[in-house]
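Visitor: Based on what follows, work out the 3D shape:
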Amino acid sequence: MNSLQRVQAVLAGQIPDRVPVCLHNFMLAVREARIPMERYRADPQAIAEVHLHALEKYGHDCLFIDTDTTLLAEAMGAKSECAPGEPGRIVAPAIRSLSEVDRLKVVNPEADGRIPALLEGVRLLAKQVGSEVAIRGNADQMAFGLACLVRGIQDFLMELAAEPDNPAIVQLLDVCYQSHLLVHRALAKAGAHFTSLGDSLAGPDVVSPRMFDRFARPYEERLVRELAAEAIFTVIHICGDTTRILNSFSQYDFCGFELDYKTDAVAAKTTAGARHVLFGNVDPSGVLARGTVEEVRQKTRELISVWKPGGHFVLNAGCAIPPSTPPQNIHAFIQAAREAGVY
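Guide: Numbers count the residues shown, from 1 in each chain. Down below sits the predicted model:
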């Protein structure tokens, strides 16, 4: 099997020759390619160059094409800043009140903000390596996480608690959902073999499982269904410890879940992992960035021993890999999969 076939087998519910490896490595890859983050975020040639450089160096099976967590919020009118060498961050929301929701428009992925650069970067990579290596296009923040950025995180969370039945909340989530959905479709059209998303603020580290079930889960499940109807496989990532909502995940239609390292790996395998694809979940900072080569090998092998049986597993870090990660640790991570991940 080549890398693309290996990943596609997993996404089809089949057993590959070995566990495939995906790297959530855009920050590390930017540093190693010596391309400024400011250029990478907006230049499709830089996006392609960065990921091709990393592929040549590490030989992983899946390119994870991500720019940062501000892409969609910017396109909807939020303001961001990007410090040298750092990913962007939102510094001002698009709307100052729920009464301004009517001002928001569904994005056009081919024209708005930096989304066209992401799409063109995927096109370039698909043309150069898409027949051999899997390309995962990241559609940025899902409805709940995007609504938090567009409205302002603290203000939106307070409004959810104080006035959960305000119809403007549903209106905001709907316009965020429609914008997000269009990016998935555009990524698939551009050549991504599958897509992914972050709903970073939807997990138990930020909101209660009850709030997740009401305001985030319905949109995630709807997205999985709509994309599946178009033969697009997608992967959901929520930051932090999602152990308390694993049972909810297990009820979704077939999709992938990229779980943070804080999530109980054994519990994940017996719930969401029983019939969904698990991505992750080695600690990106404590193990990959700051651990020894032997610690990386040990932790990676431990995870493989739990998640490999029965397939449905793509090895990755539990979240974005820090730019300070030593290359020998990435090599050890991938080598562990090639040795211990054989079926």
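Visitor: buried ones in the helix ranked longest in the chain?
Guide: Counting by DSSP state H, the longest helix found in the chain is helix 167-190. Within helix 167-190, the residues that qualify as buried are 168-169, 172-177, 179-188, 190, counting by 16 or more other CB atoms under 10 Å. Heads up, the C-betas are built off the backbone N, CA and C, glycines and all.
Visitor: before we move on, what about stretch 26-39?
Guide: Phe26, Met27, Leu28, Ala29, Val30, Arg31, Glu32, Ala33, Ile35, Met37, Glu38.
Visitor: Distance-wise, check the closest residue to Val342 other than its chain neighbours relative to Leu11.
Guide: Leaving aside its sequence neighbours, Val342 sits nearest to Arg18 (CB to CB, 6 or more residues apart in numbering; 4.6 Å). In this view, Arg18 and Leu11 are 15 Å apart by CB to CB, to the nearest Å.
Visitor: same question, Val342
Guide: 19 Å.
Visitor: just checking, His60 touches Ile334?
Guide: Yes - with contact defined as CB atoms under 8 Å, His60 reaches Ile334; the gap is 6.0 Å.
Visitor: Packing partners of the helix or strand harbouring Leu157?
Guide: For Leu157, the host element (DSSP states H and E) is helix 153-162. Contacting helix 153-162 under the criterion 3 or more CB pairs under 8 Å, 6 or more residues apart in numbering; DSSP states H and E are the following elements: helix 143-151, helix 167-190.
Visitor: Relative to Phe64, which of these is closest?
Guide: Shortest distance between Phe64 and these, using CB to CB, is found for helix 167-190: 12.0 Å.
Visitor: going on from that closest one, what's the next piece of helix or strand?
Guide: Immediately after helix 167-190, counting by DSSP H and E, sits strand 194-198.
Visitor: what's the angle between that next one and helix 167-190?
Guide: Here strand 194-198 runs at an angle of 150 degrees relative to helix 167-190 (axes from the mean of the first three to the mean of the last three CA atoms, to 10 degrees).
Visitor: so how far is stretch 166-181 off the chain centroid?
Guide: 20 Å (CA atoms, centre = their mean, to the nearest Å).
Visitor: Alpha carbons only: can I get it in PDB?
Guide: C-alpha atoms of stretch 166-181 as PDB (Å, rounded to 0.1, in the frame of the first residue of the first chain):
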ATOM      1  CA  ASN A 166     -32.700  33.900  22.400                       C
ATOM      2  CA  PRO A 167     -33.500  33.200  18.700                       C
ATOM      3  CA  ALA A 168     -30.500  35.200  17.700                       C
ATOM      4  CA  ILE A 169     -28.300  32.500  19.100                       C
ATOM      5  CA  VAL A 170     -29.700  29.900  16.700                       C
ATOM      6  CA  GLN A 171     -29.400  32.500  13.900                       C
ATOM      7  CA  LEU A 172     -25.700  33.100  14.700                       C
ATOM      8  CA  LEU A 173     -25.000  29.300  14.900                       C
ATOM      9  CA  ASP A 174     -26.800  28.800  11.600                       C
ATOM     10  CA  VAL A 175     -24.800  31.400   9.600                       C
ATOM     11  CA  CYS A 176     -21.600  30.000  11.100                       C
ATOM     12  CA  TYR A 177     -22.700  26.500  10.200                       C
ATOM     13  CA  GLN A 178     -23.500  27.400   6.600                       C
ATOM     14  CA  SER A 179     -20.100  29.200   6.200                       C
ATOM     15  CA  HIS A 180     -18.300  26.200   7.600                       C
ATOM     16  CA  LEU A 181     -20.000  23.700   5.500                       C
END
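Visitor: Tell me which of His60 and Ile334 has more neighbours.
Guide: When neighbours are counted by other CB atoms under 10 Å, His60 and Ile334 differ, and His60 comes out ahead with 23 against 20.
Visitor: For the more buried one, give its distance to Glu132.
Guide: For His60, the distance to Glu132 - CB to CB - is 12 Å.
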